[in-house]
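**Student:** I'll drop the sequence and a predicted model, then ask my questions.
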Amino acid sequence: MAKYSEEFKLMVVLEYLNGPLGCGLLAKKYKPLAESQLRRWVRAYQEFGRIGLAAKKNKQFYSVQFKLDVLNFMKRTGASYQETAIHFKMNNPNLIASWYSKFSKEGLEGLKRAKGRPSMSKKTKATTKKLEKSISREQLLERENELLRLEIAYLKKLNAFQENPNAFLEKHKQRLHSNSKKKDSD
């Protein structure tokens, strides 16, 4: 359950927009509300209206590619978490901060990992132990080689995008359009 109701958020935001009090004084008036939180609500309300203050009813899934695009946009433009969230029509800049932190610490693997606690079934533990024992050193090296190849390919694409974003996007738009036509003809 959300800490603050949508009605409370709307009331405080409208009081800020229509009244003489600033964020700091309103935050003190409605303790334990933080000034930074109020600023986020005001910005979300100004950009998205009342929908910007609403709590999400269902969990949104974001692909790894989308997360990378968001982080790349933020790095390229120097935008803040809030500005980046608004640009991508998201109302939770803390989610972007979390992605940035994971990417900084763990790289691409940090963005791939699903949120939440892993299952507690005993079968998965037993099968993973068996798999670890059955994988030979040669197979481990082959797997590591493949991961390194993927990483190099990703870095090359990222470099090409940073050098000339428009040409890179045009090239990949053509590929996307041709793939969608193939799917439609099936």
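**Tutor:** Now that the structure is in, tell me what you want to look at.
**Student:** how is the chain carved up into domains?
**Tutor:** 6-53, 64-112, 122-185 (automatic domain parsing).
**Student:** those domains into CSV, with extra columns for mean neighbour count and mean pLDDT?
**Tutor:** Heads up, the C-betas are built off the backbone N, CA and C, glycines and all. Written out in CSV, the entries for the domains of the chain read as follows (neighbours: other CB atoms under 10 Å; pLDDT from 0 to 100):
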stretch, mean neighbour count, mean pLDDT
domain 6-53, 15, 84
domain 64-112, 16, 87
domain 122-185, 10, 73
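**Student:** tell me where the chain has helices.
**Tutor:** Using DSSP state H, the helices of the chain run over residues 6-18, 23-29, 35-48, 64-77, 81-87, 93-106, 108-112, 122-134, 137-163, 165-185.
**Student:** distance from the third one to the middle of the chain?
**Tutor:** Here helix 35-48 shows a centroid-to-chain-centroid distance of 19 Å under the convention CA atoms, centre = their mean, to the nearest Å.
**Student:** and for the shortest one?
**Tutor:** Its chain's C-alpha centre and that of helix 108-112 lie 11 Å apart, by CA atoms, centre = their mean.
**Student:** and that helix, what other elements does it pack with?
**Tutor:** Here helix 108-112 is seen to pack against helix 64-77, helix 93-106 when contacts are counted using 3 or more CB pairs under 8 Å, 6 or more residues apart in numbering; DSSP states H and E.
**Student:** of those, which is nearest Gly24?
**Tutor:** Nearest to Gly24 among these is helix 93-106; the distance by CB to CB comes to 20.0 Å.
**Student:** compute the inter-axis angle for that closest one and helix 35-48.
**Tutor:** Relative orientation of helix 93-106 with respect to helix 35-48: 110 degrees, computed using axes from the mean of the first three to the mean of the last three CA atoms, to 10 degrees.
**Student:** would you confirm that Val13 contacts Gly52?
**Tutor:** No: applying CB atoms under 8 Å as the test, Val13 and Gly52 come out as separate, 9.3 Å apart.
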